[in-house]
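*Asks:* sequence and predicted structure, then a few things I'm wondering about:
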Amino acid sequence: MRGGGDAVPGRAMLRGADIPAQWWELFRSRSLNVVVREGLTRNADLAAAHAAVRVAQANARAQRGSLFPVIGAGFDASRHQIPTGTLNSDVVTEASRYSLHTGQVTVSFVPDVWGGSRRQIESVDAQAEMQAFQREGVSLTLASNIALAAIEEARLRGQLSAVRDIVGLQTQLLNSLKRQNEQGQIAMPDVVAQEAAVAQARLLVPQIEKQLRQQENLIAFLTGRLPSEPALGSFRLNSFVLPRRLPLSLPADLVRQRPDIRAAEANLRAANAQVGVAIANRLPQITLTANPGSTSTAIGQLFTPGTGFWILAGNLAQTVFDAGTLENRQRAAEEATVQAAEQYRSTVLAAFQNVADVLGALQADARAITAAATAEKSARQYLDLMRRQLDQGQVNVAVLLTSQQAVLQSSLARVDAEAARLADTVALFQALGGGWWNAQNDSGLTGGVSGRQVSNPSATGRSGKAI
C-alpha cells in the first residue's frame, strides 16, 4: 500500500495485524473509554441505524413467505326473500324466506417455477446485510468522531494553557519594563508596545474558551446527552498514549474489513438478484387455488354430510403485449447492476486512497512534531536570553516582542502537531475498518459493545497478530 512508504517514524507498522473491536482503548484514556461506551449506548443516529437493520431483517423474513401457500378462512351468512307466485325456492324447504350460511377455506399458491421468488428473497437478504454493514459504518464513524472530538478538546485545552503561560510570562516582562521606565532606562513607548502584546495574547483566551465550550457540547451530543448535563470527562493531550505499534492491513483484508466496502458488495448482490426477478416476471405465471367449504340453511348443519363443496383451479397467464414494459424493467435491473458494480469499485478505490492518505499524514505528523518541538525549544531559549538582557538593561524591545510571539506561535504549533498525530492515528483505525469483526458474537450476526449485529468476514484466512 503506497502513500510515501509504510514506515512511520517512532512507530512500528505491523502488516496484517488484527484490530481490536474496542480500538479506542489502545489510547489508554479512561475518560475516552467512558464517552465512547456512552455514545455507543445512547447516540440517536446509531439507535436509528439499529432500527433500520431490524426493519430490513423483518422485510427479509416476510419475503420468505412467498415460497409457501396462502391459506385464508371465511364465513358468510345471508337472509334471502324470493317471490312467492312465480318462482320456487331452490332450498329443500321451499320456503320463500331462508338463511344461508357458508364456511370455506381458500388456498392460493404461486409455485416458484422460474426462481423469481427465490431471487427476490436473495435481494432482500442482501439489503438486510447491507443495512447491517451500514450500521457498523455508523458505529465506527461515531466512535471515531467521539475520539476526534475528545482530541480536539484536548488540543484546545493545550492551546489555552500555552496562551495563559505566555500571557503570564509577558506580564512579568511588562512589569520589568515598567520598572525600567520608572528608573529612566527605557522610554514609555516601549512599555506601551509590551502592553499591546499582552493584550493581543489575552484576546486569544476567550476565543479558545468559546471553541472549548462548543467542543464539550459536541461530545454531549455525540453521547446522547444534553449540553446542560455534567461532562463525562475532561481531556488533555497528556491523557492519551499513542500506540507504539500501528496496524497496516493487507489489501485483501481491507476489502473484507471496511463496512462501506461490505455494504457496497451487498448492494451489488441485491441489484444482481433483481435481474433474475425481472427475467422471471417475463415468463408464464402459474397460480393454483383450492376452495373447500360447506354451505347450509342452518349453522348447526354446517360441515355435515351433504353440505360440502370444493373447487380446484389452475391458472396460467402470459403477457402477450405490454409495450415493452417488462423488457425495459429487465434492462433497468441490468443497468442497476452495472451501476452497483461501479459504485463498489469506486468505494474500494476510495478506501485505498483513504488509507494511503492517513499513512502519509502520520509520516508528516512525526516530522511536524519534531520540527515544532525544536522550534519551541529554540524560541524559549532565545526568549530567556532576551530576559537576561532585559534584567541587565540591555534589551531591544522590538526583538523582545518578536521573541515572545515566536514562543507563542511555536507552542501553539507544537500542541497542534501533537493533536494532529493523535487524530490521524484515530483516522488510521477508522480507515482500516475499526475491528468490528472481532466483536463478541452469539450466533450468526450478533455482537459488539452496543449489541449491534455484525458478520465476521475475516474469520477465515486471517493470521495477523493482535496489536
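*Replies:* Arrived safely. Just so it is clear, the structure is predicted and the values come from calculations on it, not from any experiment.

*Asks:* what comes up buried for stretch 52-66?
*Replies:* 52-53, 56-57, 60, 63 (16 or more other CB atoms under 10 Å). All C-beta atoms are positioned from the backbone trio N, CA, C, and that covers glycine.

*Asks:* which residues are contacting it?
*Replies:* If you take CB atoms under 8 Å, 6 or more residues apart in numbering as the criterion, stretch 52-66 is touched by 110, 112, 117, 120-121, 124-125, 127-128, 130-132, 134-135, 452-453.

*Asks:* tell me which two in those are the farthest apart.
*Replies:* 110 and 452 (36.3 Å; CB to CB).

*Asks:* so for these two, which sits in the more crowded spot?
*Replies:* Between residue 110 and residue 452, counted using other CB atoms under 10 Å, residue 452 has the larger neighbour count: 21 against 17.

*Asks:* chain center to stretch 166-177: distance?
*Replies:* Taking CA atoms, centre = their mean, to the nearest Å, one finds stretch 166-177 lying 49 Å from the centre of the chain it belongs to.

*Asks:* which residues sit against stretch 252-266?
*Replies:* Identification of contacts with stretch 252-266 by CB under 8 Å, 6+ apart yields 16, 19, 126-127, 129-130, 133-134, 136-137, 140, 249, 340, 343-344, 347-348, 351-352, 355, 432-434, 436-437, 455, 457-458, 462, 464.

*Asks:* okay, how far is it across it, tip to tip?
*Replies:* 17 Å (CA to CA, to the nearest Å).

*Asks:* only the C-alpha atoms, please, for stretch 422-441, written as PDB.
*Replies:* Taking C-alpha atoms only, stretch 422-441 is exported to PDB below (Å, rounded to 0.1, in the frame of the first residue of the first chain):
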ATOM      1  CA  LEU A 422      -3.400  11.500  17.700                       C
ATOM      2  CA  ALA A 423      -6.300  12.500  15.300                       C
ATOM      3  CA  ASP A 424      -4.500  10.800  12.300                       C
ATOM      4  CA  THR A 425      -4.000   7.700  14.400                       C
ATOM      5  CA  VAL A 426      -7.700   7.600  15.000                       C
ATOM      6  CA  ALA A 427      -8.200   8.100  11.300                       C
ATOM      7  CA  LEU A 428      -6.000   5.100  10.600                       C
ATOM      8  CA  PHE A 429      -8.100   2.800  12.800                       C
ATOM      9  CA  GLN A 430     -11.200   4.100  11.100                       C
ATOM     10  CA  ALA A 431      -9.700   3.700   7.600                       C
ATOM     11  CA  LEU A 432      -8.800   0.100   8.400                       C
ATOM     12  CA  GLY A 433     -12.400  -0.800   9.400                       C
ATOM     13  CA  GLY A 434     -12.200  -0.400  13.200                       C
ATOM     14  CA  GLY A 435     -12.100  -4.000  14.200                       C
ATOM     15  CA  TRP A 436     -15.900  -4.600  14.300                       C
ATOM     16  CA  TRP A 437     -15.400  -8.200  13.100                       C
ATOM     17  CA  ASN A 438     -13.700  -9.000  16.400                       C
ATOM     18  CA  ALA A 439     -16.800  -8.100  18.500                       C
ATOM     19  CA  GLN A 440     -18.300 -10.800  20.600                       C
ATOM     20  CA  ASN A 441     -20.900 -12.700  18.700                       C
END
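
*Asks:* just to revisit the earlier point, quick one: buried ones out of the contacts of stretch 252-266?
*Replies:* 19, 126-127, 129-130, 133-134, 136-137, 140, 249, 340, 344, 347-348, 351-352, 355, 432-434, 436-437, 455, 457-458, 462, 464.

*Asks:* any chance of the buried residues of stretch 52-66 in TSV, plus distance to residue 35?
*Replies:* Formatted as TSV, the buried residues of stretch 52-66 follow (distance: CB to CB, whole Å):
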residue	distance to residue 35
52	24
53	24
56	29
57	30
60	34
63	40
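
*Asks:* so which of the residues you listed would you say is closest to residue 148?
*Replies:* Proximity of those to residue 148, judged by CB to CB, is greatest for residue 52, which lies at 24.3 Å.

*Asks:* which stretch of helix or strand covers the closest one?
*Replies:* Per DSSP states H and E, residue 52 falls inside helix 44-63.
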